[in-house]
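Trainee: Compute the structure for the input listed below.
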Amino acid sequence: MRCAERPEGAEVSDFDPTAYLPDDLLERIRERAPIHDRENTFPQPDLDDLKAAGYLAILVPSQRGGAGLTLAQAAILQQRLAGAAPATALAINMHLVWTGVAKVFSDRGVPGLEFVQDGAVAGEVFAFGISEAGNDLVLFGSDTAAVPDGDGGYAFTGTKIFTSLAPVWTRLGLHGLDTTSADAPKLVFAFVERTDAVTTGDDWDTLGMRGTQSRTTRLDGAVADAAHVVRRIDPGPTPDPIVFGIFSVFEILLASVYTGIARRALELAVLSAGKRRSKKTGAAYSQDPDIRWRIADMALAYDALPPQIAALARDVDERADNGARWFSLLSGVKHRAITMAKRVVDEAMLVGGGGSYFSANELSRLYRDVLAGAFHPSDPESAHATAASFWLGPVAD
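Mentor: Next comes the predicted model:
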């Protein structure tokens, strides 16, 4: 069942992504991507350009100073950005997750994240501090201690990993476990500022997605005041808006980034097939039946994902009632996007030939970047377990 009122900017068919990501901006970002990958640096010029273009506030309602776009429209933009610079798109994703959650809240009349919307308009950068080493509960639990300060605020102590935007964030959205209050245990979702109680490691030296600079963050009593404590909920699965908001926006925008990588790999394969010529026949590889089949197979795999992402994003935008199936649908689209993108990049490498194995080749970077997808929640095991639980019910005790 869908809400009769269409939210602001809900039409996707007439949406022009170049109004928010112009071709010249994308080309500048594309040109810088190999430099940040090679030097293992954060793409600050990309962030500066995207800020100037108002990109950090695309999901903020127009009445609060943003662009008023829908999640479906943001998904299109993130596919486009990822085609130019996957690491930049993935880093910006984490900021957009929080502005997307704020949109989920405001669309449903839930207060509490207006400061995220106003902050994004003012140029603040929000990072995502949920992942913890060895914590496969993810949103449903935390090893970070959340200690109440007696005035409605909390002090957080613990370690967060894969904190994208690590060098530049101004507020970190995170969760921790309150074990001391009268109604404990409670999971606390809140935002802390960058202070001396927050230490950012310099440990991001990875195979791919290097520009995200998703460094380890250590918290030693980092304080979120009462105004920035968003939610206190029971640990474990729950329909609370904070869990649905994070999971839905996170999975859809992740699927978008990796689908954008697949699109770029397909484009590069097509370019390579047109340029390379067979010594045997003298014809371009684009005329070779095996290469044509391989590219067609890539296209058939890729073509399935943008409509799926768009449909699920519209469901979130329009407040569709997918009931218990939501988590299977969301983890499923992320899983399919990741596996599709890896398959497409693998095939593109073969079409590109030996030259694609050299690190200076864009396909080589895409090959390394796309591998990161398997490590984002929901991982393949979780996605399959979620789908099995929906269709078969829980595992018997």
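Trainee: Helices of the stretch 201-350 of the chain, residue ranges please.
Mentor: Taking DSSP state H, counting those that start in this stretch, the helices of the stretch 201-350 of the chain run over residues 241-275, 289-303, 305-317, 326-352.
Trainee: before we move on, what about the stretch 51-200 of the chain?
Mentor: Under the criterion DSSP H, counting those that start in this stretch, the stretch 51-200 of the chain contains helices at 71-84, 86-107, 114-122.
Trainee: Report the angle between the longest one and helix 305-317.
Mentor: Direction vectors for helix 86-107 and helix 305-317, defined by axes from the mean of the first three to the mean of the last three C-alpha atoms, to 10 degrees, enclose an angle of 30 degrees.
Trainee: packing partners for helix 86-107?
Mentor: Under the contact definition 3 or more C-beta pairs under 8 Å, 6 or more residues apart in numbering; DSSP states H and E, helix 86-107 sits against helix 23-39, helix 44-52, helix 71-84, helix 114-122, strand 126-129, helix 241-275, helix 362-370. No exception for glycine: its C-beta is placed from N, CA and C like everyone else's.
Trainee: so where is this protein shaky, pLDDT-wise?
Mentor: For the chain, the stretches with pLDDT under 70 are 1-13.
Trainee: ok so, going back, is it possible to get JSON lines of the helices of the stretch 51-200 of the chain that adds mean neighbour count and distance to residue 312?
Mentor: Output for the helices of the stretch 51-200 of the chain, formatted as JSON lines (neighbours: other C-beta atoms under 10 Å; distance: least, C-beta to C-beta, whole Å):
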{"stretch": "helix 71-84", "mean neighbour count": "26", "distance to residue 312": "9"}
{"stretch": "helix 86-107", "mean neighbour count": "26", "distance to residue 312": "13"}
{"stretch": "helix 114-122", "mean neighbour count": "19", "distance to residue 312": "22"}
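Trainee: burial count for the closest residue to residue 226 other than its chain neighbours?
Mentor: Leaving aside its sequence neighbours, residue 226 sits nearest to residue 152 (C-beta to C-beta, 6 or more residues apart in numbering; 3.0 Å). By other C-beta atoms under 10 Å, 12 other residues sit near residue 152.
Trainee: Equivalent analysis for residue 231, please.
Mentor: Applying the criterion other C-beta under 10 Å, we find 20 residues in the vicinity of residue 231.
Trainee: I'd guessed it sits against residue 178; true?
Mentor: No: contact criterion C-beta atoms under 8 Å: residue 231 and residue 178 do not qualify, at 11.5 Å.
Trainee: so what's in contact with the two at the same time?
Mentor: Taking C-beta atoms under 8 Å, 6 or more residues apart in numbering as the contact rule, the neighbours common to residue 231 and residue 178 are 187-188.
Trainee: Beta-bridge partners for residue 215, please?
Mentor: With DSSP bridges applied, residue 215 shows beta-bridge pairing to residue 163.
Trainee: Quickly note the distance from it to residue 378.
Mentor: Taking C-beta to C-beta, to the nearest Å as the measure, residue 215 falls 23 Å from residue 378.
Trainee: Report the contact partners of the closest residue to residue 165 other than its chain neighbours.
Mentor: With C-beta to C-beta, 6+ apart as the criterion, residue 165 has its nearest non-adjacent residue at 4.5 Å, and that residue is residue 127. Applying C-beta under 8 Å, 6+ apart to residue 127 gives the contacts 94-95, 163-166, 169, 171-173.
Trainee: Sort out which one of the residues you listed lies nearest residue 19 for me.
Mentor: residue 95 (19.8 Å; C-beta to C-beta).
Trainee: The closest one - nearest residue in space that isn't next to it in sequence?
Mentor: Once flanking residues are discounted, residue 95 sits nearest to residue 126: 5.0 Å by C-beta to C-beta, 6+ apart.
Trainee: Run a quick neighbour tally on that neighbour.
Mentor: 24.
Trainee: what's the span of stretch 154-173, first residue to last?
Mentor: 13 Å (C-alpha to C-alpha, to the nearest Å).
Trainee: and stretch 126-134, how far from the chain's centre?
Mentor: Mean C-alpha position of stretch 126-134 versus that of the full chain (C-alpha atoms, centre = their mean, to the nearest Å) differs by 13 Å.
Trainee: Stretch 281-298 too?
Mentor: That offset, for stretch 281-298, works out to 34 Å (C-alpha atoms, centre = their mean).
Trainee: Which of the contacts of residue 127 sits closest to residue 364?
Mentor: Taking C-beta to C-beta as the measure, residue 364 lies nearest residue 164 of the contacts of residue 127, at 22.2 Å.
Trainee: dump the residue contacts of residue 260.
Mentor: By C-beta under 8 Å, 6+ apart, the residues touching residue 260 are 78-83, 86, 89.
Trainee: do the same with residue 181
Mentor: Residue 181 makes contacts with residue 148, as judged by C-beta under 8 Å, 6+ apart.
Trainee: now do the one 3 residues further on
Mentor: Residue 184 sits next to residue 178 when contact means C-beta under 8 Å, 6+ apart.
Trainee: ok, now how distant is it from residue 237?
Mentor: For residue 184, the distance to residue 237 equals 18 Å [C-beta to C-beta].
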